[in-house]
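J.: Predicted model and sequence follow; I will ask about them next.
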Amino acid sequence: MLAWRLARGMTQAQLGRAAGIPRPNLSAIERGDREVTLKTLRALALALDVRPGILADGVPPEAEAPPLSRTRLERIARATARGTGSREARESALAGHLRQALSARLQIGPRRPLARADRAYFMLRSRERPETVATLVDRVGLELERT
């Protein structure tokens, strides 16, 4: 459910209001500390504009996205390494999440924004297959070595 909330650009407070669920309860559900009733599942699905079965089965957003071609993988890696965008929405979103996830991990010092990096990595993993994410990380590393 967290992936769907983030994919919709909603805060916990916004989703809670839309579904009629107190924010602390929603937070506990997202952490896995609270069981979800069928009534709550339906309310959340309605607020997120997905079928309840999608949430119940744990299907992430864009799980049915077609695989990325080698050319697209390389374009995303280049955009990530160079800090540029892409004309294509999926590529641009992936490059942005990848850049945010990797940049925080590469910073030295005690004040690394890990929560933001972890969220960006979570978004990558919820939108693409694990093999695709691993390939992108490898390709960004190769691209950074070239520069």
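T.: Sure, I can see it. Since we're looking at a predicted model, the values are computed, not measured.
J.: ok, and what's touching the lowest-mean-pLDDT helix or strand in the chain?
T.: One helix or strand of the chain scores below all others by mean pLDDT, DSSP states H and E: helix 114-127, with a mean of 79. The contact list for helix 114-127 (Cβ atoms under 8 Å, 6 or more residues apart in numbering) reads 2-3, 6-7, 60-62, 65, 93-94, 96-98, 100-105, 133, 136. Heads up, the C-betas are built off the backbone N, CA and C, glycines and all.
J.: do stretch 132-147 as well
T.: 67-68, 73-74, 76-78, 80-82, 94, 98, 102, 124-125, 128.
J.: Restricted to strands, list those.
T.: Residues of the contacts of stretch 132-147 located in strands (DSSP state E): none.
J.: List only buried entries from these.
T.: The neighbour count (16 or more other Cβ atoms under 10 Å) marks 68, 73, 76-78, 80-81, 94, 98, 102, 124-125, 128 as buried among the contacts of stretch 132-147.
J.: how close does the closest residue to residue 99 other than its chain neighbours get to residue 45?
T.: Spatially, and ignoring its direct neighbours in sequence, residue 99 is nearest to residue 80 (4.9 Å; Cβ to Cβ, 6 or more residues apart in numbering). Distance, residue 80 to residue 45, by Cβ to Cβ, to the nearest Å: 33 Å.
J.: Likewise for residue 144?
T.: Counting by Cβ to Cβ, the gap between residue 144 and residue 45 amounts to 41 Å.
J.: okay, the two: which has more neighbours?
T.: A direct count of neighbours by other Cβ atoms under 10 Å for residue 144 and residue 45 places residue 45 higher, at 19 against 14.
J.: Let me know the helix or strand that the more buried one is in.
T.: Applying DSSP states H and E as the criterion places residue 45 in helix 38-48.
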